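Trainee: just need the structure, nothing else, for what follows:
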Amino acid sequence: MSGHSKWATTKHRKGAKDSARAKVFAKLIRQVEVAAREGGGDPATNASLRTMFQKAREASVPIDTIERAIKRGTGELEGVRYESISYEGYAPHGVAIIIETLTDNRNRTSAEIRHVLSKNGGNIAEPGAVSWQFDRKGVIEVKGPLDEDQLLEWVLEAGAENFAAQGDNFIVTTDSTDVGTVRDALEGFGLSILSAELTLVPQNVIPVENESEAKKVLRLMDAIDDHDDVQNVYANFDISDDILANFEE
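Mentor: Numbering: from 1, shown residues only. Coordinates of the predicted model:
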C-alpha cells in the first residue's frame with residue numbers, strides 16, 4: 001500500500017481519539033446527510049448511505065445524531081443544502097492530489113482551498129489533469145494477524161480483487177461496486193473489519209524519500225484535511241513508515 005494509505009488510516013484513528021473528534025463527527029454527519037438526500041433515507045436500498053452509516057458508527061457517532069442527519073437529508077428536518085465539488089492539484093515534489101468537498105458556498109470553498117494549497121507549496125490544477133491517475137476502489141481493512149494463505153482463499157471467495165499487509169492488519173481491495181458484499185462475506189468468515197469505504201487508489205506512486213520534502217507534502221495534506229468542507233483527500237505519494245511515524249509524533 002502507498003504511504004498515503006497509511007497516512008489516511010492514521011489520520012482516521014487519530015481523529016477518533018483526540019481533540020479532532022468533533023471535526024471528524026461533523027464531516028461524517030455531512031456525508032450521511034448528502035447520501036440520504038441523493039439516494040433516500042433507507043440504508044437497505046441506498047448503498048452510499050449504508051456505507052456512510054457504518055463509517056459514522058465505526059467513528060462512534062451517536063445513533064440519534066446519524067438519524068437526524070438522515071432526516072435532514074430526506075427533508076423531514078430543515079437543514080443546509082450541500083454541494084459536492086472536487087478539486088485537483090499538486091503538492092510539493094510533483095505529488096498529485098484530489099480533494100473532495102461538501103460545501104454550502106462554492107465560491108468561499110474554492111478560494112480557501114486555493115489559499116491552503118498556495119500557502120503550503122502546492123497549486124491547483126485544471127479539472128482532469130490529475131483524476132486520470134486514480135481508480136475508484138473499495139478498500140476494506142481487516143484486523144490481523146492472520147494466515148495469509150487462508151486469507152487469500154477467503155478474499156477470492158468473497159469476490160475481492162487483492163489484499164496487502166499493512167502492519168499487523170490487511171487491506172483488501174475490491175471493485176467500487178462490491179465493497180458492501182465483500183465486507184459482509186469477510187465478516188461471514190469470522191474476520192474483524194476495522195473499516196470499509198470507497199476510495200481513490202493511485203495507478204502509480206511517487207516515492208518521496210527526502211525527509212524534508214516528505215514533511216512538506218505531509219504538512220500540506222494535513223492542512224487540506226483540516227479544512228471543514230474537505231471530506232476526503234487523496235494523493236499518490238509513497239513515504240516510508242519511519243518518516244510517517246516521525247511526522248505524527
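
Trainee: and Lys23, what helix or strand is that in?
Mentor: Assigned by DSSP states H and E, Lys23 belongs to helix 21-39.

Trainee: angle of the next helix or strand after that helix against helix 21-39?
Mentor: Next along the chain after helix 21-39, taking DSSP H and E as the criterion, comes helix 47-58. Per axes from the mean of the first three to the mean of the last three Cα atoms, to 10 degrees, the angle that helix 47-58 makes with helix 21-39 is 160 degrees.

Trainee: show the average pLDDT along helix 47-58.
Mentor: Average pLDDT, helix 47-58: 86.

Trainee: pull out the buried residues from it.
Mentor: The neighbour-count check on helix 47-58 (16 or more other Cβ atoms under 10 Å) flags 47-56, 58 as buried. To be clear about C-beta, it is placed using only N, CA and C from the backbone, and glycine gets the same treatment.

Trainee: check stretch 62-74 too.
Mentor: 66-74.

Trainee: what are the ranges of the helices in the chain?
Mentor: 3-15, 21-39, 47-58, 63-74, 106-119, 148-158, 179-188, 211-225, 241-248 (DSSP state H).

Trainee: which one of those helices lies closest to Pro92?
Mentor: Proximity to Pro92 (Cβ to Cβ) singles out helix 211-225 among the helices of the chain, at 4.3 Å.

Trainee: what's that closest one in contact with?
Mentor: 4, 7, 11, 91-93, 95, 97, 99, 113, 116-117, 119-122, 208, 230, 233, 235, 237, 239-240, 243-244, 246-247 (Cβ atoms under 8 Å, 6 or more residues apart in numbering).

Trainee: and for stretch 152-167?
Mentor: 1, 5-6, 9, 137, 140-142, 144, 148, 151, 170-175, 178, 181-182, 185-186, 189, 191.

Trainee: quick one: end-to-end length of that stretch, please.
Mentor: 17 Å (Cα to Cα, to the nearest Å).

Trainee: next, the buried residues of stretch 217-225.
Mentor: 217-218, 220-221, 223-225.

Trainee: I'd like the residues you listed laid out as TSV, including pLDDT and distance to Leu28.
Mentor: Below are the buried residues of stretch 217-225 laid out as TSV (pLDDT from 0 to 100; distance: Cβ to Cβ, whole Å):
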residue	pLDDT	distance to Leu28
Val217	94	25
Leu218	92	23
Leu220	95	23
Met221	93	19
Ala223	94	20
Ile224	95	17
Asp225	91	14
